[in-house]
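Colleague: sequence and predicted model, in that order:
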Number of protein chains: 2
Amino acid sequence: MLHFDLLSTEGHARRGRLRLNHGVVETPIFMPVGTYGTVKGVLPRDLETMGAQIILGNTFHLWMRPGLDVLGTFGGLHRFEGWQRPILTDSGGFQVWSLGKMRKISEEGVRFASPVNGDKLFLTPEVSMQVQTVLNSDIVMQFDECTPYETDGQITTEKAARASMELSLRWARRSKDEFARLENPNALFGIVQGGMFEPLREASLAALVDLDLPGYAIGGVSVGEPKEDMRRIMAHTPHRLPAHKPRYLMGVGTPEDLVEGVHHGVDLFDCVMPTRNARNGHLFTRFGELKIRNARHKADERPLDPTCACHACSHFSRAYLHHLERCGEMLAPMLASIHNLHYYLNLMKEVRAALEEGRFEAFRAQFHADRQRGID
Amino acid sequence: MLHFDLLSTEGHARRGRLRLNHGVVETPIFMPVGTYGTVKGVLPRDLETMGAQIILGNTFHLWMRPGLDVLGTFGGLHRFEGWQRPILTDSGGFQVWSLGKMRKISEEGVRFASPVNGDKLFLTPEVSMQVQTVLNSDIVMQFDECTPYETDGQITTEKAARASMELSLRWARRSKDEFARLENPNALFGIVQGGMFEPLREASLAALVDLDLPGYAIGGVSVGEPKEDMRRIMAHTPHRLPAHKPRYLMGVGTPEDLVEGVHHGVDLFDCVMPTRNARNGHLFTRFGELKIRNARHKADERPLDPTCACHACSHFSRAYLHHLERCGEMLAPMLASIHNLHYYLNLMKEVRAALEEGRFEAFRAQFHADRQRGID
């Protein structure tokens, strides 16, 4: 089940509402990544408090551990991980692709050895749909091949990108057929590929639109390409997708990327950046980034970001976070993850409010000015 | 400031109430250990929710990091670590003693090199009082020498234990004088030493009682001695201390040790066991210990302990905790720490209720029977 209401627009930017089997998602939205059935270091309770509406699970990882037998016992991922709101799962395609020389891609699918126990496995569009059906995620992603930006230093040619994109299209059809055969009650998204080539992106998009799926993603970005190329595709593709269906830009990105993505018509984002950077002491604020390990924070009584209402900023000082980080205390990544996710989620909340009031472009200008100002 | 009210007794066991500068502590109580200004992996908010009334800080560690300049800026440990309820700090004596060959003990104090930056440092009773005054902990421990159970395989002789105990007594007097000179508004506790020798324990106790301190601890247990020796001292010393003053058994212990300690008249306990064991996947339950890494939990939908009301048991299954642990996810030690601390704190809550109702001995018998039953 998926219903998408487009509530208002400003240029290409959209304020929408997504109804899924496990609840409502107000868009534009950022989706925290919960690879192994947990957003690293954050309790589901705290995700709810900070306004997370939908989180990701990684099909490949969850298929490896805990495995389908366990997830089946729990009737899917929601009850297993204690998260009752919507979940989106990827197809596993990106992860098997990331195995590099340890996998072999054919028309049928991808053969690889389990990185957990060495078992020989075969991931196909059909298997991906079967796994995601056990996971019972609200949004299921088609199985695709992520077209690399470069391989061994060689930038992917248009010819290779076309072949890859066309394979993904054939896998989209197989995904759709298997999803229907399984009578999966959730929503299947197609993924636009085509590398850094606009004509390929358009061909992919047109063919996927013919499949009449309930939502579409833009994949194959944030895969090592220069920022200009990512922004070029981000400016090209989203607004060409059907207006009445949700649009998801996969694996993106920085706060600036999110605001620019919204400007170009994107509704859904995910990225490991807020949680991964948190674990490295790299914190996001309205006025730019702050590295909490830096000695200048040693005795600073101020919160990370005086304009932030998160649990870390309302209870602890920079000096304390600096101390925890220096001592290698677990509370450091815990509080930093809460802060960074709150920052991302609150940014999207501000984006939605601006869209509702028809002042998104003014918000966007102020956002960039604030971020470039730097934090003292 | 310290007021201690003895509310009721049952044999040597006591139900009491301790009033300190930062609040009230109902005894008997377990005190979670927050070495570096954080109970590892647990937010202060969650400590409050699970009923922690007083936590520990380690003077030696906090003196090293973040250091007195930072702690002074914050007016002490409470505001720095975001914990507004009472705090007890140790004297640093145990930690410098633990440095082994890296420290040199003399009448004046202990010379050692900072394990953080190699600085040559000198910890004396006066310095310990000065550091604890900056920390502004509600309960300050005298500087003492922890008499070892054995050194290089040689069990400490009565002669050596006596010399060590007498040094601690002289340091107790110097601690008291410096504490008074500093006009520290909190409460100073003396520490009974004497190793595994009852006559020495009695001599230490008598001399400390002459100093008329507001509370007393029993130190030098849980330092590698056989369990029978620890239990022998635990049965010997606590009930000999002044009835109208709080009694603290340092660094003890297992759930069984706590219940036996209460039986022998102890009011306060601390131990790293619940948090350290949590980080190793070793979980306490009413019916004994559970090792969550064990494969038998892989698909178990039950909570860790069906009789436990902690956040982990009320939201997550054994299968999920097993999965998190196997994947090395941070949420595993986070949830396990919440559970184990809740177990310890709830055990003491049950102990207090039993004492209030004059049924502690019945509770104690049932407790041991339950713990020996084993969990399925």
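Modeller: Alright, I've got the coordinates.
Colleague: the helices in the stretch 151-300 of chain A, which residues?
Modeller: Secondary structure of the stretch 151-300 of chain A, counting by DSSP state H, counting those that start in this stretch: helices at A:158-181, A:198-210, A:227-236, A:255-263, A:273-279.
Colleague: tell me the helices and strands packed up against the second one.
Modeller: In this structure, helix A:198-210 makes packing contacts with helix A:158-181, strand A:187-192, strand A:215-218, helix A:227-236, judged by 3 or more C-beta pairs under 8 Å, 6 or more residues apart in numbering or on different chains; DSSP states H and E. Where you see a C-beta, it was placed from the backbone N, CA and C, and this is true even at glycine.
Colleague: report the angle between the longest helix that chain A contains and helix B:331-356.
Modeller: Assignment by DSSP state H gives helix A:331-356 as the longest helix of chain A. Put simply, helix A:331-356 runs at 110 degrees to helix B:331-356, going by axes from the mean of the first three to the mean of the last three C-alpha atoms, to 10 degrees.
Colleague: residues contacting the next helix or strand after helix A:331-356, please?
Modeller: Next in sequence after helix A:331-356, counting helices and strands by DSSP states H and E, comes helix A:360-373. For helix A:360-373, contacts defined as C-beta atoms under 8 Å, 6 or more residues apart in numbering or on different chains pick out A:10-11, A:13, A:255-256, A:259, A:262-263, A:286-288, A:347, A:350-351, A:354.
Colleague: for those residues, which single residue is the most surrounded?
Modeller: Using other C-beta atoms under 10 Å in any protein chain shown as the neighbour criterion, A:Val262 leads the contacts of helix A:360-373 with 30 neighbours.
Colleague: wait, it sits on A:Val351?
Modeller: Yes - counting by C-beta atoms under 8 Å, A:Val262 touches A:Val351, with 5.5 Å between them.
Colleague: can you show me the strands along the stretch 51-200 of chain A?
Modeller: A:55-57, A:87-89, A:103-105, A:110-113, A:120-123, A:139-141, A:150-151, A:154-155, A:187-192 (DSSP state E, counting those that start in this stretch).
Colleague: compare the ones you listed and give me the one nearest chain B.
Modeller: strand A:55-57 (12.4 Å; C-beta to the nearest C-beta).
Colleague: where do the domain boundaries of chain A fall?
Modeller: Residue ranges for the domains of chain A, per the TED database: A:3-270, A:279-373.
Colleague: would you turn those domains into JSON lines with distance to B:Met165 and mean pLDDT?
Modeller: Converted to JSON lines, the domains of chain A look like this (distance: least, C-beta to C-beta, whole Å; pLDDT from 0 to 100):
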{"stretch": "domain A:3-270", "distance to B:Met165": "46", "mean pLDDT": "97"}
{"stretch": "domain A:279-373", "distance to B:Met165": "34", "mean pLDDT": "97"}
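Colleague: tell me which residue of the stretch 51-200 of chain A lies closest to chain B.
Modeller: A:Pro66 (4.3 Å).
Colleague: name the nearest residue to that residue, sequence neighbours excluded.
Modeller: B:His323 (4.3 Å; C-beta to C-beta, 6 or more residues apart in numbering or on different chains).
Colleague: and that neighbour, that one's in a strand?
Modeller: No - under the criterion used here (DSSP: H, G, I helix; E, B strand; the rest coil), B:His323 is helix, not part of a strand.
Colleague: ok, now which ones touch it?
Modeller: Counted by C-beta under 8 Å, 6+ apart, B:His323 has contacts A:Tyr36, A:Gly37, A:Arg65, A:Pro66, A:Val70, A:Phe80, B:Lys298.
Colleague: what sits against the second one?
Modeller: Contacts for A:Gly37 (C-beta under 8 Å, 6+ apart) come out as A:Gly57, A:Leu62, A:Pro66, A:Leu77, A:Phe80, A:Glu81, B:Tyr320, B:His323, B:Leu324.
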